[in-house]
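>>> sequence plus predicted model, see below.
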Amino acid sequence: MAAPDAPEPRVGRVLDSAAELLVRWGYQRVTIEDVARDAGIGKGTVYLHFRSKDALFLTVLMRVHRQIVERMADRMAADPQEVLPSRTMRSLYEELMAEPVARRLYLGDPEVLGRLAHEATDTLGELSVRRMRAVEEHMRLLADGGCLRPGLDPDSALYAFAAISTGFLAVDGLSDTLPQLDAEARADLLQRTIAAAIEVPDPPAAALERVAPGIAQRYRDLLVHLDHEWRRRVR
């Protein structure tokens with residue numbers, strides 16, 4: 001599925017500049033003029049595509065989410081092992097550690113987003129609900145395939161998965177008070193912790209191959225919602 005900005009490179013350039021400036025200066029300080037200057041175009045050209053500053057930066061957030069979700073679905077379609085929660089989260093963690101823009105925007109850094117976090121509540125709140133439904137279906141399909149630990153229902157698996165993942169992402173901000181581990185070591189630890197908590201040892205390959213297309217499709221369905229929200233804001 002092609003991203004909605006593919007036909008218009010200028011829009012992509014504006015969003016690239018807006019994302020970089022948002023992380024560098026924070027929402028309150030960045031202006032449309034700053035974005036236009038960084039993108040090498042006129043301020044009026046930015047307003048040809050985005051009705052307001054809020055619309056521009058909400059689109060930045062949606063593009064980050066879209067790119068992450070699409071790559072995740074692609075990995076699942078290419079390798080059924082990627083639907084294992086431990087592998088899903090390891091890949092996402094590595095992606096966020098390698099890309100500071102995606103990491104800070106995806107995690108909703110309040111110092112960066114400022115008032116935008118409040119303005120985005122409806123749009124991103126709806127996205128969060130839809131994303132959680134996709135993860136719920138992800139766990140249900142794994143349970144149906146016999147890939148979750150015996151006696152662990154999908155709701156409990158989801159709770160454990162969310163708690164472990166959120167904890168690992170949050171604790172990175174406390175790294176000065178914790179043992180220093182490099183990114184690969186942290187990713188290894190995250191993967192092993194999730195696997196030990198919710199997955200059967202050596203999940204059957206045949207079961208993963210059977211459920212992977214359905215799980216990948218649940219995340220691709222999110223792209224349809226994101227594209228709809230995108231087109232509401234980009235002219």
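Received, thanks.

>>> contacts for stretch 216-233, please.
Contact with stretch 216-233 is made by 1, 4-5, 50-51, 55, 58-59, 62-63, 65-66, 69-70, 72-74, 76-77, 83, 123, 126-127, 130-131, 134, 137-138, as judged by CB atoms under 8 Å, 6 or more residues apart in numbering. For every residue, glycine as well, the C-beta is placed using N, CA and C.

>>> before we move on, what about stretch 139-158?
Contacts of stretch 139-158 (CB under 8 Å, 6+ apart): 83-85, 135-136, 160-161, 197-200, 203-204, 207-208, 210-211, 214-215.

>>> mind running it again at 6 Å?
Here stretch 139-158 makes contact (CB atoms under 6 Å, 6 or more residues apart in numbering) with 136, 198, 200, 203, 207, 211, 214, 215.

>>> now the element after the helix-or-strand element of the chain with minimal mean pLDDT, going C-ward?
When each helix and strand of the chain is scored by mean pLDDT, DSSP states H and E, helix 115-119 comes last, with a mean of 66. Scanning forward in sequence from helix 115-119 by DSSP states H and E, the next helix or strand is helix 121-144.

>>> of the contacts of stretch 216-233, which belong to helices?
Using DSSP state H, the members of these that fall in helices are 55, 58-59, 62-63, 65-66, 69-70, 72-74, 76-77, 123, 126-127, 130-131, 134, 137-138.

>>> narrow the residues you listed to just the buried residues.
Buried members of these, counted by 16 or more other CB atoms under 10 Å: 55, 58-59, 62-63, 65-66, 69-70, 72-73, 76-77, 123, 127, 131, 134, 137-138.

>>> look up the closest residue to residue 205, ignoring the ones flanking it.
residue 80 (7.2 Å; CB to CB, 6 or more residues apart in numbering).

>>> OK, contacts around the one you found?
208, 209, 212.

>>> nearest to residue 27, of those residues?
residue 212 (38.0 Å; CB to CB).

>>> my guess is that closest one meets residue 83, correct?
Yes - Residue 212 lies in contact with residue 83 (CB atoms under 6 Å); the separation is 4.9 Å.

>>> distance check, residue 32 against residue 101.
Residue 32 is 19 Å from residue 101, where distance means CB to CB, to the nearest Å.

>>> low-confidence bits of the protein, can you list those?
Along the chain, the parts satisfying pLDDT under 70 run over 1-7, 105-108, 115, 117-125, 172-176.

>>> need the helices for the chain, in chain order.
9-25, 32-39, 43-49, 53-78, 85-98, 100-106, 110-113, 115-119, 121-144, 154-171, 183-198, 205-233.
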